[in-house]
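Novice: Here's my sequence, what's the structure:
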Amino acid sequence: MGKYTLPELPYAYDALEPHIDAKTMEIHHTKHHQAYTDKLNAALEKCSSDIQNKDILEILGNIDQVPEDQKGAINFNGGGYDNHKLFWHNMKANGGGEPGGALADAINTSFGNFADFKTKFSSTTAVLQGSGWGWLVYNPSSSKVEYTKMPNQTSPRTKGLVPLLGLDVWEHAYYLKYQNKRPDYIAAWWNVVNWDEVDSRLSKAK
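Specialist: From the prediction side, this is the model:
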């Protein structure tokens, strides 16, 4: 089987300063994302070749086909691998603002307007118990965008949803700079959102 490797960041560790600090980015990428990558590979090694030969997106989208003895490990570490791969590209220096075009239309259709979407995303993600992610997803069943929250590293793909914009609210994502002030981290994160990337994902999902 081909092994997964740690994806490179599309920018320097300090590129998102002052909103997300360089040390947090470095630790998050080189330690946490690396660990998910390594443990995903270890779990896949214990699976049959028919699982090993599938792309991680296909595996996550059909998680019930993974043998029970490795399902938990692949759900967690495979989700962690893919979630973070998306997360890095969700952000860019001098990001933020509001989306335009088809993405703006989709958000307005589902949430009324961007301000209401931002409020719902922020407030619901801020009170997520324990560790997890807040997500803007595309639901192929309704052909609409939705908000959902997922525990730990579980991917929206396991629910048949296409992840568009995700926010990691595990403490390792913000604690060095924001300590226990998760809402402050969320408010700062909006300043680095890469809406072009999110719009591109929506176009591919439709």
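Novice: which stretch of helix or strand covers Asp196?
Specialist: helix 195-205 (DSSP states H and E).
Novice: Could you give the secondary structure assignment for the closest residue to Pro67 other than its chain neighbours?
Specialist: Of all residues not flanking Pro67 in the chain, Cys47 sits nearest, at 6.5 Å (CB to CB, 6 or more residues apart in numbering). C-beta coordinates here come from the backbone N, C-alpha and C atoms, glycine included. With DSSP: H, G, I helix; E, B strand; the rest coil as the basis, Cys47 sits in coil.
Novice: Can you tell me how far Cys47 is from Asp69?
Specialist: Distance from Cys47 to Asp69, counting by CB to CB, to the nearest Å: 9 Å.
Novice: If you count surrounding residues, which of those two has more?
Specialist: Cys47 (20 against 10; other CB atoms under 10 Å).
Novice: before we move on, back to that, any buried residues in the helix holding Asp196, and which?
Specialist: 195, 197-199, 201-202, 205 (16 or more other CB atoms under 10 Å).
Novice: outside of stretch 182-200, which residues touch it?
Specialist: With contact meaning CB atoms under 8 Å, 6 or more residues apart in numbering, stretch 182-200 is reached by 16, 19-20, 89-93, 95-103, 118, 122, 125-126, 136, 164-165, 167, 169, 173-174, 177-178.
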